[in-house]
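*Asks:* attaching a predicted model along with its sequence, questions to come.
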Amino acid sequence: MVGSDADRRLKELGVVLPSPPIPLGAYVEATRCGSLLFLSGMLPVDRDDPKYSGRLGEELSIQDGYDAARSASLGGLAAAQEFLGSLNQIRSIAKLGVYIATPAGFREHPKVADGASELLLDVFGAGKVPPRIVLGVASIPLGLPVEIELIFEIEP
Amino acid sequence: MVGSDADRRLKELGVVLPSPPIPLGAYVEATRCGSLLFLSGMLPVDRDDPKYSGRLGEELSIQDGYDAARSASLGGLAAAQEFLGSLNQIRSIAKLGVYIATPAGFREHPKVADGASELLLDVFGAGKVPPRIVLGVASIPLGLPVEIELIFEIEP
Amino acid sequence: MVGSDADRRLKELGVVLPSPPIPLGAYVEATRCGSLLFLSGMLPVDRDDPKYSGRLGEELSIQDGYDAARSASLGGLAAAQEFLGSLNQIRSIAKLGVYIATPAGFREHPKVADGASELLLDVFGAGKVPPRIVLGVASIPLGLPVEIELIFEIEP
């Protein structure tokens, strides 16, 4: 039995994963410790080229933020697939962190974070939707509006 | 042997756990991966109704922040109890994250974070007090001043 | 077989670990849950005395930030060594979080975070370089510019 049928679901959804992101420094995109797969912070980039610029509640709309969260999450799936060979190795998702560049008064975090959560829901199904931590931060590398943290549980 | 006597301690302390929080989007409040229980970011809410508004070092006092950190942590215990059936299943606490909405010059983070740490100390005892990560952030969902992250280790 | 030869590498590099940091509240600096060692947020302090003041992109230069990230990481290694007895017990590094106090427009996060990543590279070798999460935050305890999060995987 496989951990999920995520590979098949991706095809059904017509989702093509992007190329995995390229590290911006002295780190790796993924590492496995026991049954947990830890990923680096995932950004809405095309390899190492930023796809958005600015903050939510200023230059960018809620829809931009939703799209950026989805894009960064797709990068996370690409990094996991590259590391594991197949997303079917994912048994569950331990953590989704959604970090959003915002000014102090921003209130619409959940609508942005759903861009990540709903992708995971579509790909892994309702039974694997993870808990999530959502924070508004001051800035994100490359001036991007969203960064995603993912920890997966892997088949033994 | 149980992991803790937290259920009894709660009664002795006269602490009544609130109703578990209601997700603000497409996520769950808790998931178990092996021996770890990961929770969503916990907010000082009454179900999904915010109990505070503003930032530390501005509208809110240190005491407000302490109370908000305690309130959010109680929500975390409620979510854990709902998932596990009993807090006695908690063997140890792997991580406490305390994220506080602040302006740039704020310095009193530890006093706010102690609202969470001291609750955990009271309920689980000195031997289970966890390490903690404390950050001042730009904004938190619903305009709340504090968000709490908890990862528990559970009895096998 | 040991998990690493980090103790020998430290000597070869001429790196003397600082005294472990002193908790600023009701928490511990490290706890072990199964094979994972979770540390508290590590600050560039001398015991509990801040070594820097201000934010990146304002009072402090990129080099200051790099040095602060390295200093905080050395504190993390000191806390791990105190808990484990020897850094050779570390099998891998699950997570490096680098949180940097910045204004909204800051873009140079990776150069600051490399102060942490390059220390870990030097001490543990290229095979153990961890993934990392890098965020610009509003404020950090004691007015410090950098905070480091580390989760280690330990030999069974």
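*Replies:* It's in.
*Asks:* who's whichever residue of chain A sits closest to chain B bridged to?
*Replies:* Nearest to chain B in chain A, going by C-beta to the nearest C-beta, is A:Gly136, at a distance of 3.1 Å. Where you see a C-beta, it was placed from the backbone N, CA and C, and this is true even at glycine. Taking DSSP bridges as the rule, A:Gly136 bridges to A:Ile100, B:Ser139.
*Asks:* and the helices in chain A?
*Replies:* Taking DSSP state H, the helices of chain A run over residues A:6-13, A:62-84, A:109-124.
*Asks:* wait, which of those helices is closest to chain C?
*Replies:* Here helix A:62-84 is closest among those (C-beta to the nearest C-beta), at 8.7 Å.
*Asks:* I'd like the average pLDDT over that closest one.
*Replies:* Mean pLDDT, helix A:62-84: 98.
*Asks:* so who does the residue of chain A found nearest chain C touch?
*Replies:* Nearest to chain C in chain A, going by C-beta to the nearest C-beta, is A:Ser139, at a distance of 3.1 Å. Shown in contact with A:Ser139 (C-beta atoms under 8 Å, 6 or more residues apart in numbering or on different chains): A:101, C:102-107, C:109, C:135-136.
*Asks:* pLDDT weak spots in chain A?
*Replies:* Where chain A drops to pLDDT under 70, the residues are A:1-3.
*Asks:* get me the contact residues on chain A for chain C.
*Replies:* Proximity of chain A to chain C, by C-beta under 8 Å from any C-beta of the partner chain, involves residues A:24-31, A:33-34, A:36, A:38-41, A:55, A:97, A:99, A:101, A:103, A:137-143, A:147, A:149.
*Asks:* coming back round to it: any chance of a markdown table for the helices of chain A, columns mean neighbour count?
*Replies:* Below are the helices of chain A laid out as a markdown table (neighbours: other C-beta atoms under 10 Å in any protein chain shown):
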| stretch | mean neighbour count |
| --- | --- |
| helix A:6-13 | 14 |
| helix A:62-84 | 22 |
| helix A:109-124 | 23 |
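*Asks:* which among those is found nearest to A:Pro156?
*Replies:* helix A:62-84 (12.9 Å; C-beta to C-beta).
*Asks:* the closest one packs against which elements?
*Replies:* strand A:30-33, strand A:36-39, strand A:90-101, helix A:109-124, strand A:146-154 (3 or more C-beta pairs under 8 Å, 6 or more residues apart in numbering or on different chains; DSSP states H and E).
*Asks:* what's near enough to touch A:Glu147?
*Replies:* A:41-43, A:72, A:97-99, A:137, A:140-141, C:133-135.
*Asks:* thinking again about what came up before, list buried residues within the residues of chain A next to chain C.
*Replies:* A:24-31, A:33-34, A:36, A:38-41, A:55, A:97, A:99, A:101, A:137-143, A:147, A:149 (16 or more other C-beta atoms under 10 Å in any protein chain shown).
*Asks:* ok, A:Ser73 touching A:Glu118?
*Replies:* No. If you go by C-beta atoms under 8 Å, A:Ser73 and A:Glu118 don't touch, sitting 9.3 Å apart.
*Asks:* related to what we said a few turns ago, turn the helices and strands packed on helix A:62-84 into TSV, including distance to B:Ser19.
*Replies:* Below are these laid out as TSV (distance: least, C-beta to C-beta, whole Å):
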stretch	distance to B:Ser19
strand A:30-33	35
strand A:36-39	31
strand A:90-101	23
helix A:109-124	19
strand A:146-154	27
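*Asks:* let me know the distance separating A:Pro44 from C:Asp122.
*Replies:* 32 Å (C-beta to C-beta, to the nearest Å).
*Asks:* can you check A:Pro21 too?
*Replies:* Relative to C:Asp122, and taking C-beta to C-beta, A:Pro21 is found at 24 Å.
*Asks:* same check on A:Lys51?
*Replies:* 33 Å.
*Asks:* ok, now A:Ser92?
*Replies:* 35 Å.
*Asks:* swap in A:Ser19?
*Replies:* 30 Å.
*Asks:* show me the beta-bridge partners of A:Ile90.
*Replies:* Here A:Ile90, judged by DSSP bridges, has bridge partners A:Ile154.
*Asks:* got the contact list for it?
*Replies:* Going by C-beta under 8 Å, 6+ apart, the list of residues near A:Ile90 reads A:3-4, A:6, A:37, A:80, A:84, A:124, A:128, A:152-155.
*Asks:* what of A:Val98?
*Replies:* Contacts of A:Val98 by C-beta under 8 Å, 6+ apart are A:69, A:109, A:112-113, A:116, A:132-135, A:146-149.
*Asks:* A:Thr31 too?
*Replies:* Contacts of A:Thr31 (C-beta under 8 Å, 6+ apart): A:37-38, C:92-94, C:130-131.
*Asks:* for beta bridges, what are the partners of it?
*Replies:* A:Phe38.
*Asks:* just the CA atoms of stretch A:121-140, as CSV, please.
*Replies:* Provided in CSV are the C-alpha atoms of stretch A:121-140 (Å, rounded to 0.1, in the frame of the first residue of the first chain):
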residue,chain,number,x,y,z
LEU,A,121,-6.4,19.3,-0.2
ASP,A,122,-6.7,18.7,-3.9
VAL,A,123,-3.5,16.7,-4.2
PHE,A,124,-3.6,14.6,-1.0
GLY,A,125,-7.3,14.5,-0.2
ALA,A,126,-9.3,15.7,2.9
GLY,A,127,-7.9,13.0,5.1
LYS,A,128,-4.4,14.5,4.8
VAL,A,129,-5.0,18.2,5.2
PRO,A,130,-2.4,19.4,7.7
PRO,A,131,-2.6,21.8,10.6
ARG,A,132,-1.1,25.2,9.7
ILE,A,133,0.7,28.1,11.3
VAL,A,134,0.0,31.5,9.6
LEU,A,135,2.0,34.6,10.4
GLY,A,136,2.4,38.1,8.9
VAL,A,137,6.1,38.9,8.7
ALA,A,138,8.1,42.0,7.9
SER,A,139,10.0,40.7,4.9
ILE,A,140,10.8,37.5,2.9
